[in-house]
Structures are given as structure tokens and as C-alpha cells.
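Chemist: Got a predicted structure plus its sequence, pasted below:
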Amino acid sequence: MSSKFENSCPKCGNKNIIKDLEIGEEVCNECGLVISDSIVDAGPEWRSYNGDDKNSRTRTGIGLNPTLFDMGLSTRFTTNRDATGKLLNYKTVDKMNRLQKYDNRSKVNDSQARNLSIALPELDRIAALLHLSESARDYSARLYRKSLNQDMIRGRSIDSFVAACIYATCRLQNIPRPLKTISAASTRDHGEIARTYRLLIRELGLKMPIDDSFKFVSGISSRLKVKRNTELRAISILSKANEKQGLTGKEPRGIAAAALYIACLENKERRTQKQVAQAAGTTEVTLRNRMRGLETVIYGIVIEPQSADQYVVQ
């Protein structure tokens, strides 16, 4: 059949085609023309009447999992029973135990497999501490595998590359996890992970999105345990400042902390500058500077504080 008739009826041109998988025909809904009578059924040749039958008759396992060093394509030895479930004699059990040992050794025989067997458990550990999603773990593992294939890890720390891949994933997927938090969860220090991260984005050609202050508001507000309307008010303040282009060139975490502190003042929630600065991972001086900037942009006024406690709600 011509390719121009693949999605329409060759007689009337109607695009509403009915596929009957039981008899294997494609029929035009308008004129009734049988377009094809040889549809291949890609489903199973057996029927299942409950969940147990469906699970027991499947022929495939789980999909490829990049967080496993062998992508999930591993073999498994059962050393005490045969395929029919009968117990094996002691000589066969001893032989199967030796085969199982050789099989386990052969899986990590090459250097890349050994590297992945060390790196991926460390990746799972850090991701569990940071409460990352399954998709973030998969993407981090793919980044690490790509770095390993390009021979970037030779002579460098495996743990620092794992942490750098996790941080790159958080930046690419807009997950609010700062490098300081990832460094605290890793076994390597902050400076080494930062250098590895710069090497990673340079060699892999990654284009990192610019962080905005909006994504940090929820994390800071949850640590401060403020009300929902205060968090929404902080987002509203940031939106107004963004419309007037008052957020350009400023550190997003400090801007988010300043907007949340102003919202606390307006909603009469008692939070000190020190508490807000600690929750945001910034300093009180930065918080006051960003507050003056937001007030200048939004309200057109400049408030010069007489002391560090001037903004504290009484």
C-alpha cells in the first residue's frame, strides 16, 4: 500500500480507521472498506484471568536499569535445586557453588565493571540521603557512565565524580540541592567536588540552566515552618521584583530568603534575620542587602537599618 494511504482510507480519504485486533483487519469507519486483513498481533498468545497468571507467564524481566553496574542483565545461580525443583546431590551442589563463584568474579573482571560496582552503590547512598527521585538517580548514573566511557575518571576520585554527577543532575532538573548539601553527604570535600563538577560540564558540554530564586522558597519556608500564605506572599514579592527586572545578577538563594523574611514581617510571623539566614544558607549581611534591594525595586524606598535587629518582629 502506498505510504500516503497509511493513515487514511484510499477510497474516500477518511482518516477514522478502525483496527479490529481480534480478526486482524483495518476497516474504514466511513465507507466500510477493508484496508488491510493482515494486522500482526503483538500481544501474547496466552490469556490470563488473574494477576498471578499474568505475572507467572511473562517472559521478560525488568527493564535496563542504569543504577545497576550490569544494567540489570545479571545471571543467578540456584545451587541446591534443579530446573524441576528437585534437590541436587552433594557433588552437584559443590559444582554449582564453584560455578557461582566464577560467575560472580567474571562480572567484575574488566576495569569498568569494577569501577561501576564501587560508584553506583555510592550514588544510591547519596541519592537516598538527599531524597532524590528515581529519574534523578537514573540520570546521574547515565552521566557517570558517560564520563567513564570518555575515560575522564582515570586517576581521579570515584566518589567526587559521583557527587559531581548528582549535583549536575540537580541543576539540570531544577532540583533545589546546593553543592554544600551534596558535599556534606559525600566522602570528599567541597573544593574537590566543585573542581570535578567544572571538569564534568566542560568535557561533556553540559549547558546548565540559570537558577532562579523561586525554586528555593519552598525549601527555606519548610525549614522555617512558616504558613502557606507567607510562602505564597514571598513568591508574589519575587514575581513583582522579576517583572521590574530587580532579580538580575543577584544570588538567588539570598533573594528568596529576603522575600520570605519580608513576607514574615507582613504576616506577623516571628522569624529573626539569623533564623532566616541559617535556613537559606547565607549570611545576615546578605539578607539585609537583598531586602534593601527588593524594597527599592518594589516600593521605591530605601530603608537603612539602625541595627541588625531592626527587622525583627516583636
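Modeler: It's in. Numbering: from 1, shown residues only.

Chemist: Least confident secondary structure element in the chain?
Modeler: Least confident element among the helices and strands of the chain, by mean pLDDT, DSSP states H and E: helix 51-57 (a mean of 63).

Chemist: Using CSV, write down the CA coordinates of the helix or strand hosting S218.
Modeler: Using DSSP states H and E, S218 sits within helix 217-224. This file holds the C-alpha atoms of helix 217-224, laid out as CSV (Å, rounded to 0.1, in the frame of the first residue of the first chain):
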residue,chain,number,x,y,z
VAL,A,217,11.3,29.5,48.5
SER,A,218,9.6,26.2,49.4
GLY,A,219,12.8,24.7,50.9
ILE,A,220,13.5,27.7,53.1
SER,A,221,9.9,28.1,54.2
SER,A,222,9.7,24.4,55.2
ARG,A,223,12.9,24.7,57.3
LEU,A,224,11.4,27.9,58.9
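
Chemist: Packing partners of it?
Modeler: Contacts defined by 3 or more Cβ pairs under 8 Å, 6 or more residues apart in numbering; DSSP states H and E place helix 217-224 against helix 228-243, helix 252-266, helix 273-280. To be clear about C-beta, it is placed using only N, CA and C from the backbone, and glycine gets the same treatment.

Chemist: got JSON lines for these, with mean pLDDT and mean neighbour count too?
Modeler: Shown next, in JSON lines, are the helices and strands packed on helix 217-224 (pLDDT from 0 to 100; neighbours: other Cβ atoms under 10 Å):
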{"stretch": "helix 228-243", "mean pLDDT": "87", "mean neighbour count": "18"}
{"stretch": "helix 252-266", "mean pLDDT": "89", "mean neighbour count": "25"}
{"stretch": "helix 273-280", "mean pLDDT": "88", "mean neighbour count": "20"}
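
Chemist: out of these, which comes closest to R142?
Modeler: When the helices and strands packed on helix 217-224 are compared by Cβ to Cβ, helix 252-266 sits nearest R142, at 26.9 Å.

Chemist: Summarise which helices and strands the closest one is packed against.
Modeler: On the basis of 3+ Cβ pairs under 8 Å, 6+ apart, helix 252-266 makes packing contacts with helix 217-224, helix 228-243, helix 273-280, helix 284-299.

Chemist: Show me the contact partners of that helix.
Modeler: 178, 211-217, 220-221, 224, 226, 230-231, 233-235, 237-238, 241, 247, 270-271, 273, 276-277, 279-282, 286-287, 289-291, 293-295, 311, 313 (Cβ atoms under 8 Å, 6 or more residues apart in numbering).

Chemist: mind running it again at 6 Å?
Modeler: Residues outside helix 252-266 that contact it (Cβ atoms under 6 Å, 6 or more residues apart in numbering): 211-213, 216-217, 220-221, 230, 233-234, 237-238, 247, 271, 276, 280, 282, 286-287, 290-291, 294, 313.

Chemist: picking up where we left off before, of all the helices and strands packed on helix 217-224, which one comes closest to I118?
Modeler: Closest approach to I118 among these is made by helix 252-266 (33.0 Å; Cβ to Cβ).

Chemist: any idea how far K268 is from L132?
Modeler: From L132 across to K268, the span is 36 Å (Cβ to Cβ, to the nearest Å).

Chemist: if you count what's nearby, which of the two comes out ahead?
Modeler: The neighbour count for L132 versus K268, taken as other Cβ atoms under 10 Å, is higher for L132 (21 against 9).

Chemist: secondary structure element for that one?
Modeler: Assessed by DSSP H and E, L132 sits outside every helix and strand.

Chemist: what ranges of the stretch 101-250 of the chain fall below the confidence cut-off?
Modeler: When residues are selected by pLDDT under 70, those of the stretch 101-250 of the chain lie in 104, 106-109.

Chemist: And the helices in it, which stretches?
Modeler: Using DSSP state H, counting those that start in this stretch, the helices found in the stretch 101-250 of the chain span residues 111-130, 134-149, 158-172, 179-185, 190-204, 217-224, 228-243.
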